[in-house]
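In: Requesting a structural model of the entry that follows:
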Amino acid sequence: MDFAVFLQHCLTGISLGGAYALIAVGYTMVYGILRLINFAHGDIFMMAGYFMVFASATMPWYVATPLVLIATVALGVVIERAAYKPLRNAPRMSIMISAIGVSYLLQNLATYLFTALPRGYPTLTALKRIFQIGPLSASLVTFITPILTLALVYVLILLINHSKIGMAMRAVSKDFETAQLMGIKINRVISFTFAIGSLLAAIGSILYFTDRMTVFPFSGALPGLKCFVAAVLGGIGSIPGAMVGGFILGLGETALVAMGYSTFSDAFTFVLLIIMLIIRPTGIFGEKVTDKV
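Out: Numbers count the residues shown, from 1 in each chain. Have a look, this model is predicted:
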């Protein structure tokens, strides 16, 4: 394989991995706080795609984009308040079943409101502009996705480690009950976590659908599962781990497509998950947890 072609495939894989990483961080943040796998996260990502389709039909992209981000954050917070908050003291299995129910609700609601036919994603001219850097030629979105992902994850880590709300999030993730007794407003912290996760899903959807150009009611299901796998690979609960897991999946899938094995690109994700669970169940950055007696 020509070196320039190899670099081109690497760039494509890193770009796809960046979009996966942003969505995976949403999974890992919610799990870190609530010990909940938010199975509806992929469908929030899908709804963000629809929000952009309809917003850009009536207004310019630079107005539509912030509105889509706000609408997606609002959707994530509403889902948390309506479906998860009433089950705060229920068994963990009840919250997980609720998350699966919300996922199917969003998929069927999208099918009812928008039909099952794929809708064309708007062409964001600024992001689709082709750039040439040495032997590499790609749209702007392909170049900026990994850079934006690294920047957002860095800002998020700073927020968690050096802000008051970040300190509250770390306290809640360590010990829910003790944090509540110390006066931390648990509901506010959890809503903020869902808001951040939904914001990252919305940004990820813009980067992802700009290259794929169509949205349909189930377009969040498989990417959502892949991003969950990315979070597990990196060590669920670890933000850098989710990012690394996303890049691994993006590069792995692109490598298979480049070698002519595109049929197996989806299966690769889940084979990798099984291998990781056998070799290192806590993931790359996960810490081994010992049960207290």
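In: Quickly note the distance from Thr65 to Met243.
Out: Separation of Thr65 from Met243 (Cβ to Cβ, to the nearest Å): 23 Å. Every C-beta, even on glycine, is put in place using the N, C-alpha and C of the backbone.
In: Equivalent analysis for Ile160, please.
Out: To Met243, Ile160 is 14 Å away according to Cβ to Cβ.
In: likewise Leu113?
Out: Distance, Leu113 to Met243, using Cβ to Cβ: 33 Å.
In: what about these two, which has more around it?
Out: Met243 (30 against 9; other Cβ atoms under 10 Å).
In: who touches that one in this structure?
Out: 21, 24-25, 149-150, 153, 234 (Cβ atoms under 8 Å, 6 or more residues apart in numbering).
In: need the helices for the stretch 1-150 of the chain, in chain order.
Out: Here the stretch 1-150 of the chain has its helices, by DSSP state H, counting those that start in this stretch, at 3-34, 41-58, 61-79, 92-114, 125-128, 140-162.
In: Among the ones you listed, which one carries the weakest average confidence?
Out: Per-stretch mean pLDDT for those is lowest at helix 125-128 (a mean of 76).
In: From the contact counts, what lies against that helix?
Out: helix 140-162, helix 186-212 (3 or more Cβ pairs under 8 Å, 6 or more residues apart in numbering; DSSP states H and E).
In: Work out the gap between it and the centre of the chain.
Out: How far helix 125-128 lies from its chain's middle: 22 Å, per Cα atoms, centre = their mean, to the nearest Å.
In: And that helix, what's buried?
Out: For helix 125-128, the neighbour count (16 or more other Cβ atoms under 10 Å) marks Leu127 as buried.
In: How about residues contacting that helix?
Out: Residues from elsewhere that reach helix 125-128 (Cβ under 8 Å, 6+ apart): 61, 139-141, 144, 206, 210.
In: ok, now stretch 142-155?
Out: Contact with stretch 142-155 is made by 11-12, 14-19, 21-22, 25, 127, 131, 133, 200, 203, 207, 211, 239-240, 243, 246-247, as judged by Cβ under 8 Å, 6+ apart.
In: could you give the angle of the host helix or strand of Leu249 to helix 186-212?
Out: Assessed by DSSP states H and E, Leu249 sits inside helix 239-258. Interaxial angle, helix 239-258 versus helix 186-212 (axes from the mean of the first three to the mean of the last three Cα atoms, to 10 degrees): 20 degrees.
In: Give me the buried positions along the helix or strand just after helix 239-258.
Out: Where DSSP H and E defines the elements, the next helix or strand beyond helix 239-258 is helix 265-279. Buried residues in helix 265-279, counting neighbours by 16+ other Cβ under 10 Å, are found at 268-269, 272-273, 276.
In: can I get the residues you listed in a markdown table with distance to Val102 and pLDDT?
Out: Below are the buried residues of helix 265-279 laid out as a markdown table (distance: Cβ to Cβ, whole Å; pLDDT from 0 to 100):
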| residue | distance to Val102 | pLDDT |
| --- | --- | --- |
| Phe268 | 28 | 90 |
| Thr269 | 23 | 91 |
| Leu272 | 27 | 92 |
| Leu273 | 23 | 91 |
| Met276 | 27 | 90 |
